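K.L.:
quick one: sequence plus predicted model below, questions after.
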Amino acid sequence: MLPKYLKVKGFRSYIDTVINFENFGNTFVVLGENGAGKSSIIEMITTALYWVNSCTDTKGVGMDNCINSDCDHFEIEFCFTMNNIEYIVKVVKYRNEARELEFYIDGVNQSEKVTETQQKINDVLKMNYNTFLDTVCIGQGKSSRFMSKKPAERKETLMQILDVQKYEKYEQLAKDKKKEIKNQMDDLEQKISFISSSEDSRTDEEIKQIINDYKNEIHQLENENKTLKSKLDTIQKEKSEYEAKKKQQDTIIHNYHLNKNAYEKVKNKLDDIELQIKNNKFVDVDYEEKIDNLQNELEDKRNKISDLKDKISDIKSKVAVYQSKNDDIEEKYNRFKNYDKSICELCGNEITSEHKETHLHELKEKKNVNGTKIEELSDKIHNLNQKGKTVSSEGKELSQELKQLQVKQKNNLQYKSELNYLNKSKKDLQEQLSSSKEQFDMANKMYLSMEQLEEKSFDDEQYINQINDNNDKIIEDKTEISSLKTIIENKKKNKDLIDKYQKQIKSLKVKHTDYGSLVTAFGKTGIPASIIAHDIPEMEEETNKILKILSNDSMSIQFITSKKTATTKKTVDTLDIVVNDMNGSRAYETYSGGEKFRIDFACHIGMAKFLTKRAGASIDFLIVDEGLGSQDDFAKQKFIESIHSLQGIFKQIMVITHIQDLQNAFDNRVLIEKTPLKGSTVQIMN
């Protein structure tokens, strides 16, 4: 994998930036203050490729935390090449929404649903997120990722690097096929056992003799049925003639009772109708004129009440005027009574006690006159209200009388309608009664003149039952014959079928053995073990080349892929790493931080170099993110020499650091700066 460019919007400190890796040269160092966004380059790459970064779980949960606080979403477009093929991954994530994912190969859109598209990307990369970090990227503070893993986890990473995990699938497929064949064999054995256990134990000759016995019995029964049928025909002819006469008699009796019931039913209905006509309450009275008179009287009362209301309203208006005048006089009286100035506002004269008393007396007289008029008008209102109550009471009585009369009129109209209906029904029933009586008289005449038959019984059922019993027995015997013939045929088919199943079992046994061999071959001790045993020395050699440069030829490592347990002495899979120095072999945990970094770095590079040689998983890009703070000057110089020595192996190496010594050791330098307005920006330093 070799990156070409990275376009990003709204991801962490990046607002809108394009990172063009093709302009950075073979080896370049990324500089910038802490928090400027140096390590975010790695996060953007893994987010695009795997939908995982250091702030999320393995399923990408927590990705919203990567959206810039001033943005509502982020967009990443990552373009890279592998084996001369260009790949582009585009990913968009809005807050609280699912991601959008697109994938292009040489400009052709390969996108489907997100899950299927991600699988296509995984198939191209041929490594998962953890393997990416163990090989392509030496992350900040993560240089010991591979070494700190348990031996089984290291072995899992190694199997991904060597691409031998596919043999687990092959092994499982072989196991499934072997199990399937075993199930087929067991199924065939069960079929043979079932056929053998369910087969009839009698010989063919014994069965044929039983068939002949049934045939003889059938012949005897058929002859007996011929005799019985002859006797039955004679009895049934006599019975048929009798039943025809009996049926005719039953028809006459039925018609007699049917017409009698019909006649009586119509007569009863007619009697009921006549009774209803008699009890009908209709009276020939004209209610319309009475109702009109009452309505006119009621309207007259309403008009009188309306006139009284108008008069009361006029008088109330006059009372309001006099009351308003009295209120003004009262206000002037009180104001003048308390007036303490020397000049009168009313007449302009000098105010004396006599002058003041005169004005107050005049105002009081005016108020008394208005009060008298208000009382007179109030008496008129009272009298008019009394008249209104009297008229209203009379109107209520008229209204009640009108309602009662309207109810009587409505009921009388209903009685009249019912009476008309009853008279029509009476006429219809009288016509029906006449017709029904004619039919009843005719049926009665036939009933009185019909022939009386004696009751007879016939024993034809006895013959019929005997014939049916014989037929049932014949059918039963024929069924038995057919069943016995089927037994003979099945015995032959079963023999042929058992021979066929035994041949199939023989063939399946060969396949079962072959798939057993494949299970062994694809198992951990088979082809994968051979591949690991073949490739481990090469990977070990590549790792030691780097480690010797970093340690001044004082350290080396050895990969151990299997060992025997202390108790059972059984060989188990592992990936133990033995570190050798001038003092012999030592445990990895006993080395200092600087020494551990050299070992970790060498393992990363060794696995990455080896992976570049594996077909279909080309790694042309190496990332080193910090991790050199614990190294002395000599180790740092060795590290720089190692980086430069890898230029012929990797097409591009990116070193992320803030150590001044490392910055000056590289010609190609890229500066990342973060500002409040533009966020993180990337520029090449001269």
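P.N.:
All right, it came through fine.

K.L.:
make it CA atoms for all contacts and neighbour counts henceforth
P.N.:
Noted.

K.L.:
please put the alpha-carbon coordinates of the lowest-mean-pLDDT helix or strand in the chain into CSV.
P.N.:
The weakest-scoring helix or strand in the chain, judged by mean pLDDT, DSSP states H and E, is helix 151-161 (a mean of 70). Extracted in CSV, the C-alpha atoms of helix 151-161 (Å, rounded to 0.1, in the frame of the first residue of the first chain):
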residue,chain,number,x,y,z
PRO,A,151,2.4,-15.8,22.5
ALA,A,152,-1.0,-17.0,21.1
GLU,A,153,-1.9,-13.5,20.0
ARG,A,154,1.6,-13.1,18.4
LYS,A,155,1.0,-16.4,16.6
GLU,A,156,-2.4,-15.0,15.3
THR,A,157,-0.7,-11.9,14.0
LEU,A,158,2.0,-14.0,12.4
MET,A,159,-0.6,-16.2,10.7
GLN,A,160,-2.2,-13.1,9.2
ILE,A,161,1.2,-11.9,8.0
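
K.L.:
list the helices and strands it packs on?
P.N.:
Helix 151-161 sits against helix 129-135, strand 571-581, with contacts defined as 3 or more Cα pairs under 8 Å, 6 or more residues apart in numbering; DSSP states H and E.

K.L.:
roughly how far out does that helix sit from the chain middle?
P.N.:
The chain centre lies 40 Å from the centre of helix 151-161; the measure is Cα atoms, centre = their mean, to the nearest Å.

K.L.:
how about whatever helix or strand comes next after that helix: buried residues?
P.N.:
On the C-terminal side of helix 151-161, the closest following helix or strand by DSSP states H and E is helix 166-198. If you call a residue buried by 16 or more other Cα atoms under 10 Å, then helix 166-198 has these buried ones: 167, 170-175, 177-178, 181-182, 185, 188-189, 192, 195.

K.L.:
contact partners for I291?
P.N.:
402, 405-406 (Cα atoms under 8 Å, 6 or more residues apart in numbering).

K.L.:
for the record, mean pLDDT for stretch 220-233?
P.N.:
The average pLDDT within stretch 220-233 is 89.

K.L.:
same check, this time on stretch 70-87
P.N.:
pLDDT averaged over stretch 70-87 gives 94.

K.L.:
pull the CA atoms of that stretch into CSV?
P.N.:
The C-alpha trace of stretch 70-87 is given here as CSV (Å, rounded to 0.1, in the frame of the first residue of the first chain):
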residue,chain,number,x,y,z
ASP,A,70,-17.3,23.5,14.7
CYS,A,71,-18.7,20.9,12.1
ASP,A,72,-21.7,18.6,11.9
HIS,A,73,-19.8,15.8,10.1
PHE,A,74,-16.5,14.8,8.7
GLU,A,75,-15.4,13.6,5.2
ILE,A,76,-12.3,11.6,4.4
GLU,A,77,-11.1,10.6,0.9
PHE,A,78,-8.0,8.4,0.9
CYS,A,79,-6.3,7.4,-2.3
PHE,A,80,-3.5,4.8,-2.4
THR,A,81,-2.0,2.3,-4.9
MET,A,82,-1.1,-1.4,-4.5
ASN,A,83,0.5,-3.5,-7.3
ASN,A,84,0.0,-0.6,-9.8
ILE,A,85,-3.7,-0.4,-9.1
GLU,A,86,-5.3,2.8,-7.7
TYR,A,87,-7.8,2.6,-4.9
